[in-house]
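Q: coordinates only, sequence not included:
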């Protein structure tokens, strides 16, 4: 699954560490998501979308 997390993070001007701390995950988790190496749980995807005040599908793009 592709994502726009890096773009939304840049728009908000927050670091991977800051986002990770706010979401209660490690910075490595954010790195893995941004590099399409890890698909977040549904709960984490909702937290990320809520953080940026967008829909999940605005950040995560299905490749089906």
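A: Arrived safely, thanks for sending. Bear in mind that the values here come from a model prediction, so they are computed numbers and not experimental data.
Q: from here on, contacts and neighbour counts on C-alpha atoms
A: Will do.
Q: surely residue 40 and residue 34 touch.
A: No: under the criterion of C-alpha atoms under 8 Å, residue 40 lies out of contact with residue 34, with a separation of 10.4 Å.
Q: for residue 2, what are phi and psi?
A: phi -80, psi 160 (degrees, to the nearest 10).
Q: and the gap between it and residue 31?
A: Taking C-alpha to C-alpha, to the nearest Å as the criterion, residue 2 is separated from residue 31 by 13 Å.
Q: then residue 1?
A: 14 Å.
Q: neighbour count: these two, which is higher?
A: For residue 1 against residue 31, the residue with the higher neighbour count under other C-alpha atoms under 10 Å is residue 31, and the figures read 17 against 13.
Q: from residue 61, how far off is the more buried one?
A: Counting by C-alpha to C-alpha, the gap from residue 31 to residue 61 is 17 Å.
Q: one more: residue 14?
A: 22 Å.
Q: before we move on, what about residue 47?
A: As defined by C-alpha to C-alpha, residue 47 lies at a distance of 16 Å from residue 61.
Q: neighbour count: these two, which is higher?
A: With neighbours defined as other C-alpha under 10 Å, residue 47 and residue 61 compare such that residue 47 has more, 16 against 12.
Q: run through who's touching stretch 19-35.
A: Counting by C-alpha atoms under 8 Å, 6 or more residues apart in numbering, stretch 19-35 makes contact with 3-6, 9, 16-17, 38-40, 44, 47-48, all of which sit outside it.
Q: just the buried members of these?
A: Taking 16 or more other C-alpha atoms under 10 Å as the criterion, what is buried in the contacts of stretch 19-35 is 3, 5, 6, 9, 16, 17, 39, 40, 47, 48.
Q: contacts only, for the third one.
A: Translated: residue 6. The contact partners of residue 6, by C-alpha under 8 Å, 6+ apart, come to residue 34.
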